[in-house]
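> Starting from these lines, generate the structure:
(chains A and B)
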Amino acid sequence: MDQPVPLSADHHDPFAKPGALTPAGSLPIVRVADLQKFYGDNHVLKGVTLEVYPRETICLIGKSGSGKSTLLRCINFLEEPTVGLIEVDGLRVDADPLRARSRQHLEQIRQIRLRAQMVFQEFNLFPHMKVIDNLIEGPIRVKGVSRDQAIATAENYLEKVGLAEKRDEYPGRLSGGQKQRVAIARALTMEPKVLLFDEPTSALDPTLVGEVINVMEELAHEGATMIVVTHEMAFAREAADRVYFIEGGQFVEVGPPDQVIEDPKDPRTREFLARTFGKAHVPG
Amino acid sequence: MSEAARGGPAGAQNEYDLTLARPEDIVRRVAVHRARSRRRFRTIFLLTWLVLVGALVIALAQSGKVDPAFIGKWGPFILGGIPVTLFVSVVSIIFAVVFALFGALGRLSRNPTIYAVATLYVSLVRGTPLIVQIIFVYLALPQFGIVLDPLTSGIFALSFNYGAYLTEIFRAGVEAVPRGQREAAAALGMQERSIMRRVILPQAIRIVTPAIGNDFISMTKDSALVSYVTIEEVFWRANNAGTQTFRNFEALMIAAVVYWVMTIVLSFGQERLERRMAQSDVRV
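Sure thing, here's the model as predicted:
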């Protein structure tokens, strides 16, 4: 995997296999093939291939600057990939940096986005809207759901993240952990096919990480499809079907958590884990 | 601990010593002290103004060069221009905001033609004197068959001019909304137009409201320039009264005081508005 593999739309993730909860005969819900990303002359992603089956939880781990967040942000086109292809729920969009996106492509990207909802490190709740309005904005504006229906769905998911009583608060009055749980509920209210988590606990006070992780573990165990960029190894161990360790824009080691986290083969993975656990004071 | 060790005088308890006071007394006495210093500051401030302005008024009255009867005779005529000045300013700021909204959207557009038009507008207006623009609209446009009455020309020129300055303020306001807000809205699947209207603009407007207030206050003063197109506002009346009676000092003094008082009242209103906005400000 050290050399970038030649681009091929038929290239598949050699490590992907349906997870424990995946219904038999399912096809991958997310497919990333030979993805490369340049920022100027900075080669951030050097050809990564990733497949995620329905009801799987995948963790992307690696140092900051390794390309893990960039990879995640390419999946919903918050970053334009430079080379390669993305497929979500059968909607395929190829990297095409040399031409302006056509209206049709933009619409397809929008369709991918509403199927692959993202939870951000910095929450990014809308500060001028109450919690409930944050949740129903997408369903009403984007999916054309009726207001009553959207409110019912939103209340249901607020309840799920344990914040039903914050329905009419403004985000500014919530703690970081509560904000992130609201952000998760906002993503869930869109009823997406896959959830993308971009370091969801990295901006949180350590005492507030647990409440967010609990919600995420519950989702994983219920069979939500999740791709999670995280430094929380305990979460990866507990919830991930597969862990992808990325360094220098390439996958270095991939496998189930008891292999990649408990018994890493590659020296780079070992070094990363030793440093991560060293910092967290948890024995490797 | 002895009194001396605390730095206080030995023996009887110092009235400024809170060491032995009960918490509620500390809170009360600190609050009383704060309120007293605030009052003291305000009193000295007002007295200083009174003394300086009073001294000026007395000096002028004593000089024998100023005719007090002028005020009684022409004061009401000049003051009668206040509604005109305010009308011109209010209507112009409203149109200026409309011009600025389109201007800012143009300046933020990725379409090169739209961007070029908006940039030309800003450059042209900011690169030429307001007084030239006002007279141009009134005197030069008729050469091309465009004849506007004085009030319309004055308001058009003022709002067109202020619109250009506000354009840049609005653009900066939109750019000051954190990038995550746009990303979160895009990730929900919202279209460009909804992102702007529902997420970015409501937050940008909050950011630029104080600037609109500032421009409105400056507009009330710059509106004096529309006297050149014979709109009978405060300055026009003062100027006419002055030249008719050869009492320019008295007339212009009255006009100056009128503008001064208007801006003080408006600044006061603006301060209160800003304070109220700060209170309800809810940031993520």
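> how's chain B carved up into domains?
Here the domain parsing of chain B from automatic domain parsing is B:18-59, B:79-274.
> Show me what from chain A comes close to chain B.
A:76, A:78, A:110-111, A:113-114, A:117-118, A:120, A:122-128, A:137-138, A:141-143, A:170-173, A:179, A:186, A:190 (CB under 8 Å from any CB of the partner chain). Bear in mind the C-beta positions are built from the backbone N, C-alpha and C, glycine included.
> Among those residues, which ones are in helices?
Members of these lying in helices (criterion: DSSP state H): A:Arg110, A:Gln111, A:Arg113, A:Leu114, A:Glu137, A:Gly138, A:Lys179, A:Arg186.
> Quick check: nearest residue in space to A:Val260, chain neighbours excluded?
In space, and not counting its chain neighbours, A:Val260 is closest to A:Val243: 4.2 Å by CB to CB, 6 or more residues apart in numbering or on different chains.
> Give me the neighbour count for that neighbour.
With neighbours defined by other CB atoms under 10 Å in any protein chain shown, the count for A:Val243 comes to 27.
> which residues does it contact?
Going by CB atoms under 8 Å, 6 or more residues apart in numbering or on different chains, A:Val243 touches A:Ile58, A:Cys59, A:Ile61, A:Ala236, A:Val254, A:Gly255, A:Pro256, A:Pro257, A:Val260, A:Ile261.
> 7 Å instead?
Residues in contact with A:Val243 (CB atoms under 7 Å, 6 or more residues apart in numbering or on different chains) are A:Cys59, A:Ile61, A:Ala236, A:Gly255, A:Pro257, A:Val260, A:Ile261.
> B:Tyr128: what secondary structure?
You called it Tyr, but residue B:128 is Thr. Three-state assignment for B:Thr128 (DSSP: H, G, I helix; E, B strand; the rest coil): coil.
> For stretch B:43-50, output the C-alpha coordinates as CSV.
Only the C-alpha atoms of stretch B:43-50 are listed here, as CSV (Å, rounded to 0.1, in the frame of the first residue of the first chain):
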residue,chain,number,x,y,z
THR,B,43,-21.5,63.9,37.4
ILE,B,44,-18.0,65.2,36.7
PHE,B,45,-18.5,64.4,33.0
LEU,B,46,-21.7,66.4,32.8
LEU,B,47,-20.3,69.3,34.8
THR,B,48,-17.3,69.5,32.5
TRP,B,49,-19.5,69.7,29.5
LEU,B,50,-21.8,72.3,31.1
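> returning to that earlier point: can you list the domains of chain B in JSON lines and add mean neighbour count?
Listed next are the domains of chain B as JSON lines, based on neighbours: other CB atoms under 10 Å in any protein chain shown:
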{"stretch": "domain B:18-59", "mean neighbour count": "10"}
{"stretch": "domain B:79-274", "mean neighbour count": "18"}
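> Out of the ones you listed, flag the one nearest chain A.
For the domains of chain B, the distance to chain A is smallest for domain B:79-274, at 3.3 Å, taking CB to the nearest CB.
> looking at this, the residue nearest to A:Val260 is in a strand?
Yes. Applying three-state DSSP, one finds A:Val243 inside a strand.
> A:Asp263 versus that one, what's the distance?
Counting by CB to CB, to the nearest Å, the separation of A:Val243 from A:Asp263 is 12 Å.
> what's the answer for A:Arg275, then?
From A:Arg275 to A:Asp263 the distance is 17 Å (CB to CB).
> just the strands in chain A please.
Ranges of strands in chain A, per DSSP state E, are A:30-39, A:42-52, A:57-61, A:83-88, A:91-94, A:116-119, A:194-198, A:226-229, A:242-247, A:250-255.
> do you know which of those lies nearest B:Glu271?
B:Glu271 lies closest, by CB to CB, to one member of the strands of chain A: strand A:116-119, at 40.0 Å.
> Report the distance from the worst-scoring helix or strand of chain A on mean pLDDT to the chain centre.
Ranked by mean pLDDT, DSSP states H and E, the helix or strand of chain A with the weakest confidence is helix A:267-280, at a mean of 84. Centroid separation for helix A:267-280 versus its chain: 22 Å, with CA atoms, centre = their mean, to the nearest Å.
> hmm, who's touching stretch A:101-110?
Under CB under 7 Å, 6+ apart, the answer for stretch A:101-110 is A:Phe77, A:Leu91, A:Val93, B:Gly189, B:Gln191.
> what residue ranges in the chain score low on pLDDT?
Since no chain was named, I'll use chain A. Along chain A, segments meeting pLDDT under 70 span A:1-10, A:279-284.
> Wait, chain B was what I had in mind.
Chain B contains residues with pLDDT under 70 at B:1-13, B:279-284.
> now the least confident helix or strand of chain A and strand A:250-255, what's the angle there?
Angle, helix A:267-280 to strand A:250-255, by axes from the mean of the first three to the mean of the last three CA atoms, to 10 degrees: 80 degrees.
> helices or strands up against helix A:267-280?
Packing partners of helix A:267-280 (3 or more CB pairs under 7 Å, 6 or more residues apart in numbering or on different chains; DSSP states H and E): strand A:242-247, strand A:250-255.
> what's the most buried one of those strands?
With neighbours defined by mean count of other CB atoms under 10 Å in any protein chain shown, none of the helices and strands packed on helix A:267-280 is more surrounded on average than strand A:242-247, at a mean of 24.
> Just give the strands next to that one in its sheet, each with its orientation.
The pairing partners recorded for strand A:242-247 under DSSP bridges are strand A:57-61 (parallel), strand A:250-255 (antiparallel).
> need those in a markdown table with distance to B:Gln244, can you?
A markdown table is the format used below for these (distance: least, CB to CB, whole Å):
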| stretch | distance to B:Gln244 |
| --- | --- |
| strand A:57-61 | 82 |
| strand A:250-255 | 86 |
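> quick one: secondary structure of the residue lying closest to B:Ile131 once chain neighbours are set aside?
Nearest non-adjacent residue to B:Ile131, counting by CB to CB, 6+ apart: B:Leu225, 5.4 Å away. Following three-state DSSP, the label given to B:Leu225 is helix.
> my read: B:Leu225 touches B:Gln133, true?
No. If you go by CB atoms under 7 Å, B:Leu225 and B:Gln133 don't touch, sitting 9.3 Å apart.
> so can I have JSON lines of the contacts of A:Val243 showing distance to B:Ile205?
Shown next, in JSON lines, are those (distance: CB to CB, whole Å):
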{"residue": "A:Cys59", "distance to B:Ile205": "41"}
{"residue": "A:Ile61", "distance to B:Ile205": "41"}
{"residue": "A:Ala236", "distance to B:Ile205": "43"}
{"residue": "A:Gly255", "distance to B:Ile205": "51"}
{"residue": "A:Pro257", "distance to B:Ile205": "48"}
{"residue": "A:Val260", "distance to B:Ile205": "49"}
{"residue": "A:Ile261", "distance to B:Ile205": "48"}
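> All set now, cheers.
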